[in-house]
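Novice: only geometry, no sequence info:
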């Protein structure tokens, strides 16, 4: 849709800053943790080098495509019916609605920001391999 119509549909508020991380960063950090040897059971919180908004994602895609792309905000009331049309259960669709609402309102954060591990791959770098 971004390439054909210049639109990036999103249920997340277009200006909301959302944590994102490239899968290559997840693999790299996981590998580093394994190679370092275990320190017992632990949770490693991961995030990309910075947070990005849907507007920023649309702009980055547009830059790679060489044409304007804008984030088009779909109402949160459409989440459940949309996901149910994809075959999700009521419960699963409602959980997606809760997640998108939490991202849009900034209710999702890091449990331990002091020990957060930041990835190195930027949004533009990650998208280059996808667009």
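Specialist: Great, that's in hand. Just so it is clear, the model here is predicted, and its values are computed rather than measured. Numbers count the residues shown, from 1 in each chain.

Novice: quick check: the most centrally placed residue in the chain vs residue 78, distance?
Specialist: By CA atoms, centre = their mean, the chain has its centre lying nearest to residue 20, at 4.3 Å. Distance, residue 20 to residue 78, using CB to CB, to the nearest Å: 22 Å. Quick note: C-beta positions are derived from backbone N, CA and C, even for glycine.

Novice: same question, residue 5
Specialist: Relative to residue 78, and taking CB to CB, residue 5 is found at 18 Å.

Novice: could I get the average pLDDT for the helix or strand residue 59 falls within?
Specialist: Residue 59 is located in helix 54-65, with elements delineated by DSSP states H and E. Across helix 54-65, pLDDT averages out at 97.

Novice: now the element after it, going C-ward?
Specialist: strand 70-73.

Novice: for the helix or strand following that next one, buried residues please.
Specialist: Sequence-wise, the next helix or strand downstream of strand 70-73 (DSSP H and E) is helix 79-85. Residues 79, 80, 82, 83 are the ones in helix 79-85 that count as buried (16 or more other CB atoms under 10 Å).
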